[in-house]
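**Student:** sequence unknown, structure follows:
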C-alpha cells in the first residue's frame, strides 16, 4: 500500500510533464550507493542483535522474566526456569573482519573483539559467551531481523513526506532493510529439537500435563515437523498483516481507489511517456546493484547471528560406553564402541564368578554420619560419593527376559560412564529384577515410592492405609544388596500447586516424617530421602522438623534443579536452618543446545562437588529420551536405541571416573 502510494506520486509527477530531479540519478549511482550501504547495514544488524542479547542478559540478571512468569501464573520453580531460558545469554561484543576490524578493536577493545573471532564466511559477528540458551540466541537473531523489517516500513512511510534525493534515498534504504529483514527471517530454520529445547516440551509436560505418548501423537507430526516453516513465516505475515490491518482501519485503500489516478494508469489512459516512467527502472537498478555487490564482495554482506566466543562443546565424539557384569566385578574401565561401530548387546552374565558373588552377597549397609551440615556417606563401610542418574525407562509390563536384556544394556553403559547409583519415580517400575541386575553391574538403587500430591494426608484412614503399603514394600526389599536408600515421594508439595493450602502441605510433611520414622525403624541400614522442586517448598518440612526437634542424619532432603540457581542454594544450604544431609536428586541445564549441554552438566556437577561436606552427590536428569514425560525427549542422555544424544556421556565419564583428567569450566 505504501509502495503504491509512493509510485502514484511519481506517476502524478510524470503526468504533469515534469521529470523529478531525483530521478536523474543513474542506475550506476544507485548500485554504488547500495555497495556502500550493504556493509554498514550488516554492521548495524549485528549491533542490534548485540543490543537485544545484552537486554535479555540484563533482564535475566534482574529476574524480570521471573517476575513476569509469576504474573502470568507460573509457580516459583517454573518462573525461575522461564527466567533462565530467556536470560541465559552474555553478550561480549562484535568482531569485524579485516583492517577495519583491527582499527575498531584498537579504538574500543571493550566492545570490538579481534578480527580473528569473526565466523567463517562472515564480515561481522556478534559474540556471546559459551552456554547461551537456544531461545535467547534465537530471540537476539530473529529480533534483529524484525527490527530491520519494521524500520524499513517506517522509513518507507517517511519517504512519502520527503521530496527529491531524500525521498529516493529513503526508498532505497527502506527496500534494503526490508529485504534484509524478510530474507533473514525466512532463512531461520527450526528443527523439532530446537522448538522442544526452547520450551515446547516444558509446556506440554508441566503447563499442559501430557505423557510422552500423547505428546508424540499430538505435537510431533502436525506441529513440530511444520514448525520449521511456520515460525519464521508467521513472523513475516504478522508484521505485514499488522500493517495491512492498520491501513484498512484507516481506510486509505478506499481513498486511493476513489481517485482515478492508479486505475487510469492501470487501464492505459496515461500517455506512453508516463506509462514507461522511471519507477520500474529504479527498482530494477536497486535489485541489480544489490546482486552485483553480493557477487563481487560476498563477505562484506554476510554476518553471523550469534557465535560463542569459546568452544562449549566437548570436542571428542560421544562414544557408546559399555561394561559387562564381569567388568563391574573387576572394576575395570569400560570398553569404547565408536559411533561408527555396529552396536552389540553385552554378553549375558555368566554363571561364573559374578553370579557366585551375587548369590553370596548379603544385605547392603548404608550409613550417613555427621551433624551441623557436615555429613559423610558410606556403603558397606566404604566412603562413597553419589554419582547417579534418574532411570526413567518404563518396561514393567514387558517379559522378564526382555527386561533383563534391557537392564544389561542400560546398566552396562551406566557402569562404563562411572555412574554408581540409579533413582526412579514409581515403585511399580522398580522391583527384584531391577535390584538384581543393578547389583550385577555394581550399581546401587534408590527405591522410589510414589506419593500423590492429591492424596488426603489429613485423613487418618488414608494415612494408615498408605503406611501399611509402605511397610510391606520396605519389608520386601530391605535385604537386597543393591539397595541404597528409600525414596518417599517426589515433588509432592510442589504438585499441590503454586498457591498450595498450607494445612494440607503441613499435613503431608507430618505424614512424611511419620512414614520415614517407620521405615527407619524397620530398616535402620538404609537412609530415607524425600525430593522436591529446588528449595522453594522446604518450608512445611522445615516447620515440622523444628517442631519435632529430633536429629535424623539418615533423613536426606533432595532438591531438583534445572537452573544456575542451584549453585546459590547449595552454597547457602547450611543457612537454611535445617540440619539435613542434602542430595541433588535431579539436575540438568535447561534450554541449551546439544553442543552446549555437556559443559552445562559439568558446570552443575562442579557446583555439587564443591559442597563436599553438606551435599552427598547428585543424579543426572535423565537417562533416556523414551521416558514417560515429554520433557524427557529433551533431557535424555541416550535415545531409544541407547545411542548417546550428544557428548554428555563422554563428559560425565571423565568427571565421574577416578583419576579422570579434570575439565576446565
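**Tutor:** Right, received. Where do you want to start? Since the structure is predicted, the reported quantities are computational estimates derived from the model, not experimental observations.
**Student:** So, low pLDDT: which residues of the stretch 1-150 of the chain?
**Tutor:** Along the stretch 1-150 of the chain, segments meeting pLDDT under 70 span 1-28, 30-31.
**Student:** repeat that for 50
**Tutor:** 1-4, 6-8, 10-25 (pLDDT under 50).
**Student:** can you give me the strands for it?
**Tutor:** When assigned using DSSP state E, counting those that start in this stretch, the strands of the stretch 1-150 of the chain occupy the ranges 91-96, 112-113, 124-128.
**Student:** could I get those as a markdown table with distance to residue 74?
**Tutor:** C-betas here are computed from N, CA, C, even on glycine. Formatted as a markdown table, these follow (distance: least, C-beta to C-beta, whole Å):
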| stretch | distance to residue 74 |
| --- | --- |
| strand 91-96 | 26 |
| strand 112-113 | 37 |
| strand 124-128 | 26 |
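**Student:** And these: which comes nearest residue 651?
**Tutor:** Proximity to residue 651 (C-beta to C-beta) singles out strand 124-128 among those, at 21.1 Å.
**Student:** Distance of residue 203 relative to residue 627?
**Tutor:** In this view, residue 203 and residue 627 are 17 Å apart by C-beta to C-beta, to the nearest Å.
**Student:** which of those two has more neighbours?
**Tutor:** The neighbour comparison of residue 203 against residue 627 (other C-beta atoms under 10 Å) goes to residue 627, with 22 against 15.
**Student:** Over to the more buried one. Which of the three states is it?
**Tutor:** coil (DSSP: H, G, I helix; E, B strand; the rest coil).
**Student:** Contacts only, for it.
**Tutor:** Contacts for residue 627 (C-beta atoms under 8 Å, 6 or more residues apart in numbering) come out as 212, 392, 393, 394, 636.
**Student:** Pick the one among those closest to residue 114.
**Tutor:** Closest to residue 114 out of the contacts of residue 627 is residue 636 (38.5 Å), distances taken as C-beta to C-beta.
**Student:** my read: that closest one touches residue 620, true?
**Tutor:** No: the pair residue 636 / residue 620 is not scored as a contact, 10.4 Å apart, by C-beta atoms under 8 Å.
**Student:** Between those two, which is the more surrounded one?
**Tutor:** residue 620 (25 against 22).
**Student:** Leaving out chain neighbours, which residue sits closest to that one?
**Tutor:** Closest residue to residue 620 apart from its sequence neighbours, by C-beta to C-beta, 6 or more residues apart in numbering: residue 389 at 4.6 Å.
**Student:** Now for the one you found, how many residues are close by?
**Tutor:** 26.
**Student:** now do residue 193
**Tutor:** Residue 193 has 16 neighbours, counted by other C-beta under 10 Å.
**Student:** ok, what's across the strand from the residue nearest to residue 620?
**Tutor:** Taking DSSP bridges as the rule, residue 389 bridges to residue 422, residue 620.
**Student:** Please report the distance of it from residue 527.
**Tutor:** 19 Å.
**Student:** Equivalent analysis for residue 116, please.
**Tutor:** Per C-beta to C-beta, residue 116 is found 54 Å from residue 527.
**Student:** And for residue 81?
**Tutor:** Shown here: residue 81 relative to residue 527, a distance of 29 Å by C-beta to C-beta.
**Student:** Same check on residue 381?
**Tutor:** For residue 381 relative to residue 527 (C-beta to C-beta), the value is 15 Å.
**Student:** What of residue 436?
**Tutor:** Residue 436 is 22 Å from residue 527, by C-beta to C-beta.
**Student:** More neighbours: which of those two?
**Tutor:** More crowded of residue 436 and residue 527, by other C-beta under 10 Å: residue 527, with 26 against 16.
**Student:** residues in contact with that one?
**Tutor:** Under the criterion of C-beta under 8 Å, 6+ apart, the neighbours of residue 527 are 366, 367, 368, 484, 485, 486, 554, 555, 556, 581.
**Student:** likewise residue 576?
**Tutor:** Residue 576 makes contact with 535, 538, 542 under the criterion C-beta under 8 Å, 6+ apart.
**Student:** So what touches stretch 451-466?
**Tutor:** Under the criterion C-beta under 8 Å, 6+ apart, residues 488-496, 503-504, 507-508, 510-512, 514-515 lie in contact with stretch 451-466.
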